[in-house]
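A.B. asks: quick one: sequence and predicted model below, then my questions.
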Amino acid sequence: MEPINWREVYTRTKEFIKISLKKYSVFLLRLTPHQNIAQAVLSYTLVGWILLSLPFMNTTDVSFIDNLFTSASAVSTTGLNSVNFAESYTFLGQMIVLLLIQIGGVGYMTFSSFVFLSFSQRHRLRKSQQEALSAEVSLPNTLKLSDFLWSAVVFTIIAESIGAVFLFNYFRHHNYGIFDAAWYSVFHSVSAFCTAGFALWSNGLENFADSKTINFVISALSLAGAMGFIVATDFFNFVRRKTKEISYTTKIIIVITLCLVCVGTFTLFITSPRITLLEAFFQSVTAMTTAGYNTINIGELSSCSLLILILLMSIGGSPSGTAGGIKTTAFASVLAIMYNRLRLNNRIEFLGRRIPLVRLYAATSTLMVYILSLFASIFLLTWTENLPFLSLVFESASALGTAGLSTGITMELSAWGKIIIIATMLVGRIGVVTFGMAILGTDEDEHDENEEKPAEREDVAV
């Protein structure tokens, strides 16, 4: 037997990788921006699945389907678990999940574009990257893509760092060692900001139901991530005096977010007599921001309370943020249509401003496609699973909204049920409209003959 020529093996491997990357780059250039987003989500999920399937990533015998479920849940920043996450993965496995959460939360195109921009000599994005990034993030005309990119990354680092400091201080004062306190604080700060909902305790955050620090820090991080990078960029520009006032989109996001939190807290508090006002507030925030953390047992809530949570999870966060759902701006647009049509107004206005027709089309399309997607997921689950109907509806709504809350049936799902939830989570993170465009292979037309000129109005992100 001839000895192995390791130099030749290295040369051939290097050449193979080089050719493969070149072909992959050519393949990406042929995709539409929306197809680019879909393939990025699927690629990260596949890589995460392979890594989590390595023997030293698991503390117990975790099946391939469960590893795929965990990878998809992390990439989509959902937080649903088909196994006991805290006890099934080693420290390295949890590190992989944290990395997937971070990439999924910041955004695939945002992450890759920032890396390219950092190492690019010209400090400019390619046209294909700009198109893909524009497809992933919906920005008003008042914000530049480059400003958004840098503000998103800086805001993420600042928010997660501040959250980690507060959590570390709490854990250190509650009998946690330095390493455990540091790891727990970093993991939950990233998970909360990215609205992922993964926890290192098997019962979520139920042990901290009475802790004001945990409740308010996690809520603040979830709101910061869910309200989106548009708000952060807008405030950065306003503080630096690059703009004279806060944009219309930011005002809509703040108003709708505050209203949803207040309504959710009040309704949960009166429909669930066993929970405190702090628990109602926390659960309302984590449902609306699709963070998915729980300080109470969701399975013990009344049907009325579960319906409220389904509504909050379905509306979700804001555009260009870490949360899922229909989005607050789309919800505001639909409300504006209803209100103005009931008053027989031809102009659709919200907060005293007219909403562009193209954004109304986008909002109504998003709502209809979202409802159809949710119906399809519920239908398939009721077909394959023999579990309570409301629990299946709640599970589907949580998966599509990438919320991660569950009544406790996730581990009881069959293999087909898990596959359905995996697909639902990925579609929810890609975006129902973006996913549809990726399947059809078409680009969104940003121009309309009947639409107002840009100079005549301020654009709104939906």
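C.D. replies: In hand now; what should we look at?
A.B. asks: distance of the nearest residue to Ile252 once chain neighbours are set aside relative to Pro356?
C.D. replies: Among residues not flanking Ile252 along the chain, Ala332 sits closest, at 5.1 Å (Cβ to Cβ, 6 or more residues apart in numbering). Where C-beta positions appear, they are placed from N, C-alpha and C, glycine not excepted. Ala332 is 13 Å from Pro356, where distance means Cβ to Cβ, to the nearest Å.
A.B. asks: pLDDT below threshold where in this structure?
C.D. replies: Judged by pLDDT under 70, the chain has its weakly predicted residues at 1-5, 21, 24-29, 31, 107-148, 441-462.
A.B. asks: all strands for it, in order.
C.D. replies: 349-350, 353-354 (DSSP state E).
A.B. asks: return the most buried member of the ones you listed.
C.D. replies: A comparison of the strands of the chain by mean neighbour count, using mean count of other Cβ atoms under 10 Å, puts strand 349-350 on top with a mean of 16.
A.B. asks: what's it in contact with?
C.D. replies: Residues from elsewhere that reach strand 349-350 (Cβ atoms under 8 Å, 6 or more residues apart in numbering): Ile252, Ala332, Ser333, Leu335, Ala336, Asn340, Ile355.
A.B. asks: now the two most distant members of those.
C.D. replies: Greatest spacing in the contacts of strand 349-350, by Cβ to Cβ: Ile252 and Asn340 (15.1 Å).
A.B. asks: okay, the two: which has more neighbours?
C.D. replies: Set side by side, Ile252 and Asn340 show more neighbours around Ile252, with 24 against 17, by other Cβ atoms under 10 Å.
A.B. asks: got the contact list for that one?
C.D. replies: Thr328, Thr329, Ala332, Phe350, Leu351, Val460.
A.B. asks: among those, which are in helices?
C.D. replies: Thr328, Thr329, Ala332 (DSSP state H).
A.B. asks: do you know how far the second one is from Tyr248?
C.D. replies: The spacing between Thr329 and Tyr248, counted by Cβ to Cβ, is 10 Å.
A.B. asks: same question, Met425
C.D. replies: 32 Å.
A.B. asks: of those two, who's got more company?
C.D. replies: Each of Met425 and Tyr248 has its neighbours counted (other Cβ under 10 Å); Met425 has more, 31 against 22.
A.B. asks: quick check: that one touching Thr78?
C.D. replies: Yes: with contact defined as Cβ atoms under 8 Å, Met425 reaches Thr78; the gap is 4.7 Å.
A.B. asks: which residues do those two both contact?
C.D. replies: Ala72, Ala399, Thr402.
A.B. asks: show me the contacts for the second one.
C.D. replies: Contact criterion Cβ under 8 Å, 6+ apart gives Thr78, Leu80, Ser377, Ile421, Thr424, Met425, Gly428 as the residues in contact with Ala399.
A.B. asks: so which of the residues you listed sit within helices?
C.D. replies: Reading helices off the contacts of Ala399 with DSSP H, I get Ser377, Ile421, Thr424, Met425, Gly428.
A.B. asks: look up the closest residue to the fourth one, ignoring the ones flanking it.
C.D. replies: Just to be clear, that refers to Met425. For Met425, ignoring the flanking residues on the chain, the nearest one in space by Cβ to Cβ, 6+ apart is Ser76 at 4.3 Å.
A.B. asks: next up, phi/psi of the one you found, please.
C.D. replies: With angles defined as degrees, to the nearest 10, Ser76 sits at phi -80, psi 0.
A.B. asks: how far away is Asn67 from Asp61?
C.D. replies: With Cβ to Cβ as the criterion, Asn67 and Asp61 are 11 Å apart.
A.B. asks: for the two, work out which one has more neighbours and name it.
C.D. replies: A count of neighbours by other Cβ under 10 Å puts Asn67 above the other of Asn67 and Asp61, at 24 against 9.
A.B. asks: that one reaches Trp49, doesn't it?
C.D. replies: Yes: the pair Asn67 / Trp49 is scored as a contact, 5.7 Å apart, by Cβ under 8 Å.
A.B. asks: list the contacts for the residue lying closest to Phe282 once chain neighbours are set aside?
C.D. replies: Counting by Cβ to Cβ, 6+ apart, the nearest residue to Phe282 once its immediate chain neighbours are dropped is Asn215, at 4.8 Å. By Cβ under 8 Å, 6+ apart, Asn215 lies in contact with Phe208, Ala209, Leu278, Phe281, Phe282, Thr295.
A.B. asks: most neighbours among those residues, which one?
C.D. replies: Phe282 (28 neighbours).
A.B. asks: picking up where we left off before, among the strands of the chain, which is nearest Val261?
C.D. replies: Per Cβ to Cβ, nearest to Val261 of the strands of the chain: strand 349-350, 18.8 Å.
A.B. asks: in its sheet, which strands sit next to that closest one, and in what direction?
C.D. replies: Using DSSP bridges, the strands paired with strand 349-350 in its sheet are strand 353-354 (antiparallel).
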